[in-house]
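>>> My questions are about this predicted structure, shown below with the sequence.
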Amino acid sequence: SADYSPDGKTIVTVSLDQTTRIWDAVTGKELRRFTGHSSFVNSAEYSPDGKTIVTASDDQSARIWDAATGKELRELGGHSSWVFAAAYSPDGKTIATAGIDKTARIWDAETGEELRQLKGHTDAIWSAAYSPDGKTVVTASRDQTARIWDAATGEELRQLIGHSDQVWSAAYSPDGRTIVTASWDETARIWDATTGKELRQLTGHSGLVYSAAYSPDGKTIVTAATTCGGL
(Lines give C-alpha, C1' and ligand atoms only; values in the text may rest on other atoms or scores of the structure.)
Protein backbone atom coordinates (compact mmCIF):
# COMPACT_ATOMS: atom_id res chain seq x y z
CA SER A 1 0.00 0.00 0.00
CA ALA A 2 0.93 3.65 -0.38
CA ASP A 3 -0.62 6.73 1.22
CA TYR A 4 -0.05 10.47 0.81
CA SER A 5 0.46 12.66 3.85
CA PRO A 6 -2.42 15.10 4.47
CA ASP A 7 -0.32 17.99 3.11
CA GLY A 8 0.65 15.99 0.01
CA LYS A 9 4.38 16.50 0.53
CA THR A 10 5.34 12.94 1.39
CA ILE A 11 4.26 9.38 0.63
CA VAL A 12 4.44 6.35 2.91
CA THR A 13 4.86 2.86 1.45
CA VAL A 14 5.03 -0.63 2.93
CA SER A 15 6.64 -3.80 1.69
CA LEU A 16 7.13 -7.52 2.08
CA ASP A 17 10.69 -6.58 3.09
CA GLN A 18 9.23 -5.73 6.55
CA THR A 19 9.94 -2.01 6.26
CA THR A 20 7.85 1.14 6.00
CA ARG A 21 9.38 4.06 4.12
CA ILE A 22 8.61 7.74 3.67
CA TRP A 23 9.44 9.48 0.41
CA ASP A 24 9.54 13.05 -0.80
CA ALA A 25 6.59 13.29 -3.18
CA VAL A 26 8.33 15.85 -5.41
CA THR A 27 11.81 14.37 -5.72
CA GLY A 28 11.18 10.69 -4.97
CA LYS A 29 13.97 10.73 -2.40
CA GLU A 30 13.68 8.30 0.51
CA LEU A 31 13.46 10.39 3.67
CA ARG A 32 13.27 7.77 6.41
CA ARG A 33 12.74 4.12 7.04
CA PHE A 34 10.78 2.44 9.85
CA THR A 35 11.92 -0.98 11.05
CA GLY A 36 10.44 -3.06 13.82
CA HIS A 37 7.86 -5.37 12.31
CA SER A 38 9.03 -8.98 12.15
CA SER A 39 7.01 -9.97 9.07
CA PHE A 40 5.38 -8.51 5.96
CA VAL A 41 3.90 -5.03 6.36
CA ASN A 42 0.51 -4.90 4.67
CA SER A 43 -0.71 -1.32 5.01
CA ALA A 44 0.21 2.14 6.24
CA GLU A 45 -1.87 5.27 6.74
CA TYR A 46 -1.12 8.78 7.97
CA SER A 47 -3.08 10.23 10.86
CA PRO A 48 -5.36 13.14 9.90
CA ASP A 49 -2.84 15.64 11.30
CA GLY A 50 0.06 13.93 9.53
CA LYS A 51 2.10 13.54 12.70
CA THR A 52 1.89 9.76 13.02
CA ILE A 53 1.54 6.68 10.83
CA VAL A 54 -0.16 3.40 11.61
CA THR A 55 1.03 0.16 10.00
CA ALA A 56 -0.47 -3.34 9.90
CA SER A 57 1.62 -6.49 9.65
CA ASP A 58 1.62 -10.25 9.37
CA ASP A 59 3.44 -10.26 12.74
CA GLN A 60 -0.03 -9.97 14.35
CA SER A 61 0.40 -6.32 15.31
CA ALA A 62 -0.33 -2.82 14.19
CA ARG A 63 2.15 -0.13 15.17
CA ILE A 64 2.08 3.63 15.49
CA TRP A 65 5.12 5.63 14.42
CA ASP A 66 6.29 9.22 14.65
CA ALA A 67 6.19 10.39 11.03
CA ALA A 68 8.93 12.98 11.54
CA THR A 69 11.50 10.73 13.22
CA GLY A 70 10.50 7.16 12.35
CA LYS A 71 10.40 6.26 16.05
CA GLU A 72 7.96 3.53 17.06
CA LEU A 73 5.54 5.04 19.58
CA ARG A 74 3.35 2.08 20.50
CA GLU A 75 2.26 -1.37 19.46
CA LEU A 76 -1.35 -2.48 19.04
CA GLY A 77 -1.16 -6.13 20.01
CA GLY A 78 -4.11 -8.45 20.46
CA HIS A 79 -4.95 -10.05 17.14
CA SER A 80 -4.19 -13.76 16.97
CA SER A 81 -3.16 -13.75 13.30
CA TRP A 82 -2.13 -11.37 10.52
CA VAL A 83 -3.32 -7.80 10.72
CA PHE A 84 -4.13 -6.85 7.17
CA ALA A 85 -5.22 -3.22 7.46
CA ALA A 86 -5.33 -0.31 9.90
CA ALA A 87 -7.12 3.03 9.53
CA TYR A 88 -7.42 6.20 11.58
CA SER A 89 -10.77 7.71 12.50
CA PRO A 90 -11.40 11.15 10.97
CA ASP A 91 -10.57 12.85 14.29
CA GLY A 92 -7.42 10.75 14.73
CA LYS A 93 -8.43 9.56 18.19
CA THR A 94 -9.03 5.91 17.37
CA ILE A 95 -7.75 3.28 14.94
CA ALA A 96 -9.62 0.37 13.37
CA THR A 97 -7.73 -2.79 12.44
CA ALA A 98 -8.78 -5.72 10.26
CA GLY A 99 -7.53 -9.19 11.13
CA ILE A 100 -7.31 -12.62 9.61
CA ASP A 101 -8.63 -13.83 12.98
CA LYS A 102 -12.17 -12.83 11.84
CA THR A 103 -12.24 -9.73 14.06
CA ALA A 104 -11.87 -6.03 13.52
CA ARG A 105 -10.75 -4.04 16.53
CA ILE A 106 -10.86 -0.43 17.62
CA TRP A 107 -7.98 1.08 19.57
CA ASP A 108 -7.21 4.30 21.41
CA ALA A 109 -4.62 5.98 19.20
CA GLU A 110 -3.03 7.83 22.11
CA THR A 111 -2.60 4.95 24.55
CA GLY A 112 -2.75 1.88 22.30
CA GLU A 113 -5.51 0.39 24.46
CA GLU A 114 -7.95 -1.96 22.76
CA LEU A 115 -11.41 -0.42 23.16
CA ARG A 116 -13.66 -2.98 21.50
CA GLN A 117 -13.89 -5.86 19.05
CA LEU A 118 -16.16 -6.06 16.02
CA LYS A 119 -17.27 -9.69 15.88
CA GLY A 120 -19.60 -11.29 13.37
CA HIS A 121 -17.64 -12.11 10.23
CA THR A 122 -17.13 -15.81 9.68
CA ASP A 123 -13.81 -15.53 7.85
CA ALA A 124 -10.78 -13.27 7.45
CA ILE A 125 -11.32 -9.50 7.33
CA TRP A 126 -9.30 -7.73 4.66
CA SER A 127 -10.13 -4.07 5.25
CA ALA A 128 -11.68 -1.62 7.68
CA ALA A 129 -12.61 2.00 7.00
CA TYR A 130 -14.34 4.75 8.97
CA SER A 131 -17.25 6.76 7.67
CA PRO A 132 -16.47 10.46 7.11
CA ASP A 133 -18.24 11.38 10.36
CA GLY A 134 -16.40 8.67 12.28
CA LYS A 135 -19.59 7.13 13.65
CA THR A 136 -19.42 3.85 11.76
CA VAL A 137 -16.84 1.44 10.38
CA VAL A 138 -17.23 -0.72 7.28
CA THR A 139 -15.33 -3.99 6.97
CA ALA A 140 -14.78 -6.33 4.02
CA SER A 141 -14.33 -10.06 4.41
CA ARG A 142 -13.51 -13.35 2.82
CA ASP A 143 -17.00 -14.46 3.95
CA GLN A 144 -18.41 -12.60 0.89
CA THR A 145 -19.94 -9.79 2.93
CA ALA A 146 -19.14 -6.26 3.96
CA ARG A 147 -20.54 -5.13 7.29
CA ILE A 148 -21.25 -1.79 8.92
CA TRP A 149 -20.59 -1.34 12.63
CA ASP A 150 -21.27 1.30 15.25
CA ALA A 151 -17.81 2.63 16.04
CA ALA A 152 -18.75 3.64 19.59
CA THR A 153 -20.37 0.38 20.69
CA GLY A 154 -19.04 -2.27 18.29
CA GLU A 155 -22.61 -3.27 17.40
CA GLU A 156 -23.16 -4.70 13.91
CA LEU A 157 -25.67 -2.44 12.18
CA ARG A 158 -26.12 -4.08 8.77
CA GLN A 159 -24.64 -6.46 6.23
CA LEU A 160 -23.96 -5.76 2.56
CA ILE A 161 -24.85 -9.07 0.91
CA GLY A 162 -24.71 -9.81 -2.81
CA HIS A 163 -21.15 -10.63 -3.83
CA SER A 164 -20.52 -14.24 -4.82
CA ASP A 165 -16.89 -14.31 -3.75
CA GLN A 166 -14.78 -12.68 -1.04
CA VAL A 167 -14.97 -8.92 -0.60
CA TRP A 168 -11.50 -7.43 -0.54
CA SER A 169 -12.16 -3.76 0.19
CA ALA A 170 -14.91 -1.37 1.19
CA ALA A 171 -14.82 2.42 1.25
CA TYR A 172 -17.25 5.22 2.01
CA SER A 173 -18.06 8.01 -0.40
CA PRO A 174 -16.89 11.46 0.77
CA ASP A 175 -20.44 12.37 1.83
CA GLY A 176 -20.86 9.06 3.66
CA ARG A 177 -24.07 8.15 1.86
CA THR A 178 -22.76 5.24 -0.18
CA ILE A 179 -20.12 2.53 0.05
CA VAL A 180 -18.18 0.91 -2.76
CA THR A 181 -16.94 -2.67 -2.42
CA ALA A 182 -14.45 -4.65 -4.50
CA SER A 183 -14.75 -8.41 -4.86
CA TRP A 184 -13.17 -11.46 -6.41
CA ASP A 185 -16.46 -12.05 -8.23
CA GLU A 186 -15.03 -9.58 -10.82
CA THR A 187 -17.36 -6.74 -9.79
CA ALA A 188 -17.37 -3.65 -7.67
CA ARG A 189 -20.70 -2.65 -6.17
CA ILE A 190 -22.22 0.51 -4.76
CA TRP A 191 -24.45 0.31 -1.69
CA ASP A 192 -26.70 2.65 0.26
CA ALA A 193 -24.81 3.13 3.54
CA THR A 194 -28.00 3.76 5.52
CA THR A 195 -30.09 0.82 4.35
CA GLY A 196 -27.46 -1.63 3.05
CA LYS A 197 -29.31 -1.89 -0.25
CA GLU A 198 -27.27 -2.63 -3.37
CA LEU A 199 -27.64 0.30 -5.77
CA ARG A 200 -25.59 -0.80 -8.77
CA GLN A 201 -22.84 -3.08 -10.04
CA LEU A 202 -19.65 -1.97 -11.78
CA THR A 203 -18.84 -4.70 -14.29
CA GLY A 204 -16.17 -5.07 -16.92
CA HIS A 205 -13.17 -6.56 -15.16
CA SER A 206 -12.24 -10.10 -16.19
CA GLY A 207 -10.27 -10.82 -13.04
CA LEU A 208 -10.23 -10.46 -9.27
CA VAL A 209 -11.11 -6.93 -8.13
CA TYR A 210 -8.97 -5.98 -5.16
CA SER A 211 -9.74 -2.34 -4.48
CA ALA A 212 -12.11 0.50 -5.23
CA ALA A 213 -11.96 4.13 -4.15
CA TYR A 214 -13.98 7.30 -4.63
CA SER A 215 -12.60 10.51 -6.07
CA PRO A 216 -12.49 13.42 -3.58
CA ASP A 217 -15.69 14.91 -5.04
CA GLY A 218 -17.42 11.53 -4.99
CA LYS A 219 -18.37 11.67 -8.67
CA THR A 220 -16.13 8.87 -9.93
CA ILE A 221 -14.69 5.57 -8.68
CA VAL A 222 -11.44 3.84 -9.60
CA THR A 223 -11.06 0.06 -9.37
CA ALA A 224 -8.06 -2.24 -9.62
CA ALA A 225 -8.03 -5.93 -10.58
CA THR A 226 -5.73 -8.77 -11.50
CA THR A 227 -6.02 -11.90 -13.55
CA CYS A 228 -3.61 -13.70 -11.24
CA GLY A 229 -4.60 -15.88 -8.31
CA GLY A 230 -4.79 -14.53 -4.78
CA LEU A 231 -5.10 -15.36 -1.11
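All right, it came through fine.

>>> helix, strand or coil for residue 123?
coil (DSSP: H, G, I helix; E, B strand; the rest coil).

>>> surely it meets residue 166?
Yes: using Cβ atoms under 8 Å, residue 123 is in contact with residue 166, at 7.5 Å. Yep, even glycine has a C-beta here, placed from its N, CA and C like the rest.

>>> Looking at the two, which one has more neighbours?
Neighbour count, other Cβ atoms under 10 Å: between residue 123 and residue 166, residue 166 has more, with 21 against 13.

>>> Show the contacting residues for that one.
123, 126, 141-144, 183-184 (Cβ atoms under 8 Å, 6 or more residues apart in numbering).

>>> same question, residue 147
Residues near residue 147 by Cβ under 8 Å, 6+ apart: 118, 120-121, 138-139, 141, 156, 158-160.

>>> and the gap between the residue of the chain positioned farthest from its centre and residue 11?
For the chain, the residue at maximal distance from the C-alpha centroid (Cα atoms, centre = their mean) is residue 27, at 27.2 Å. Distance of residue 27 to residue 11, computed by Cβ to Cβ, to the nearest Å: 11 Å.

>>> and what of residue 114?
Separation of residue 114 from residue 11 (Cβ to Cβ) stands at 29 Å.

>>> Model confidence for residue 227, exactly?
We have a pLDDT of 75 for residue 227.

>>> got it, and residue 144?
Each residue has a pLDDT score; the one for residue 144 is 98.

>>> circling back: who touches both of residue 123 and residue 166?
With Cβ under 8 Å, 6+ apart, residue 123 and residue 166 have common neighbours 141-143.

>>> ok, these vs residue 106, which is closest?
Residue 106 has its nearest neighbour among the shared contacts of residue 123 and residue 166 in residue 141, at 16.6 Å by Cβ to Cβ.

>>> Apart from its neighbours in sequence, what residue is nearest the closest one?
Spatially, and ignoring its direct neighbours in sequence, residue 141 is nearest to residue 121 (4.4 Å; Cβ to Cβ, 6 or more residues apart in numbering).
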